[in-house]
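[1] I would like to see how this sequence folds:
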Amino acid sequence: MANFISSYAKAQLAKANSVYSATKVRQTQLELQRLKLSLKEAIALADSLTSEYDEAKDNLRRARKVQRESLYEIQRIEGKINGFGHSKKRNYNRDNRKYDLECELATLSITYAEKVKNLRKAEEAFINVGKMHSKISAEIRSLRNKIEKTTAQLQEERKEANENFAYQIVCWDEVKAAACDLLELSDADRKDATIACRDSGSTRVIYGNNGITHGHAEIDNSTGKVTYHRPPEAEHGSHNYIK
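    As a prediction, this is how the structure comes out:
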């Protein structure tokens, strides 16, 4: 009786440890799946940012080119204006030409300011997308590192879960042996006997199954007492209950 109670308690503890280990494995598996999904999303974002980065780089190159060309044109016209000098003699054609160049310069100066503004926007966009790409690249490295560690953790937890499951089987084999001892079963009956832990708080033992009938016993898990025992081929009835 005492042997059955201690064996049952040991088996219940082993079962709890096994369930806990299996739960940890499932939680780690879910975490690993979450990390892999996050990595997939981060890589997709990095790919889109790479295209955006290349586009921002091209836009910046074009904006710089436009700004330079506009500046060169302003400098060219300024050079022409300066070439007229400061003669006091009136010259209708020269004065008109100088006036036209000055008007053109004023217009170019206005458009140049807008081109400089566009260049600053292009530079800012290029810098921002570069920062975003650097950030997501760092996140990808971090995720890959976490996946590697979580994978190693999962392998260890699976190993522990398998060991706990195997130990649980050993413990329930001990419960079966203790139950068979209580019932004083023969070696032949012990060989094919099966046990099942019931929600009612008892352990059911089925033995001697010849395809037609079988022996049936119930053992109280808390006291280790046999509360019901009907040998194979015996009649069913309340007389099989043991007080």
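[2] Do you have the helices of the protein handy? List them.
    2-83, 92-183, 187-192 (DSSP state H).
[3] Kindly provide the whole-number mean pLDDT of the second one.
    What that stands for is helix 92-183. On average, the pLDDT along helix 92-183 is 90.
[4] quick check: angle from it to helix 2-83?
    In terms of direction (axes from the mean of the first three to the mean of the last three CA atoms, to 10 degrees), helix 92-183 departs from helix 2-83 by 180 degrees.
[5] Could you name the helices and strands sitting against helix 92-183?
    helix 2-83, helix 187-192, strand 194-197, strand 202-207, strand 215-220, strand 226-230 (3 or more CB pairs under 8 Å, 6 or more residues apart in numbering; DSSP states H and E). (Glycine included, C-beta is placed from N, CA and C.)
[6] Then the first one?
    Using 3+ CB pairs under 8 Å, 6+ apart as the contact criterion, the elements in contact with helix 2-83 are helix 92-183.
[7] so how far is the helix it packs on off the chain centroid?
    14 Å (CA atoms, centre = their mean, to the nearest Å).
[8] how much space between the residue nearest to N164 when sequence neighbours are not counted and E157?
    Excluding the flanking residues, the one nearest N164 by CB to CB, 6 or more residues apart in numbering is S18, at 4.2 Å. When CB to CB, to the nearest Å is applied, the distance between S18 and E157 equals 12 Å.
[9] repeat for S48
    As judged by CB to CB, S48 and E157 stand 36 Å apart.
[10] Thought T151 was touching L35, still the case?
    No: using CB atoms under 8 Å, L35 is not in contact with T151, being 9.3 Å away.
[11] got any residues that touch both of those two?
    Common contacts of L35 and T151 (CB atoms under 8 Å, 6 or more residues apart in numbering): none found.
[12] the more surrounded of the two?
    Comparing L35 with T151 by other CB atoms under 10 Å, the one with more neighbours is L35, at 19 against 13.
[13] Let me see the contact set for the more buried one.
    Residues near L35 by CB under 8 Å, 6+ apart: L143, K146, I147, T150.
[14] how far away is it from E41?
    L35 is 11 Å from E41, by CB to CB.
[15] can you check E174 too?
    To E41, E174 is 50 Å away according to CB to CB.
[16] Looking at those two, which is more packed in?
    A direct count of neighbours by other CB under 10 Å for E174 and E41 places E174 higher, at 18 against 13.
[17] Just the pLDDT for T203.
    pLDDT, read off for T203, is 95.
[18] Enumerate the beta-bridge partners assigned to it.
    C197, I219 (DSSP bridges).
[19] do the same with the one 4 residues further on
    Note on Y207: beta-bridge partners by DSSP bridges are G215.
[20] distance of it from E233?
    Taken as CB to CB, the span from Y207 to E233 is 12 Å.
[21] what do you get for A56?
    To E233, A56 is 88 Å away according to CB to CB.
[22] Looking at those two, which has the bigger crowd around it?
    A direct count of neighbours by other CB under 10 Å for A56 and E233 places A56 higher, at 21 against 11.
[23] higher neighbour count, S48 and E157?
    Neighbours of S48 and E157, each counted by other CB under 10 Å, are more numerous for E157; the result is 19 against 12.
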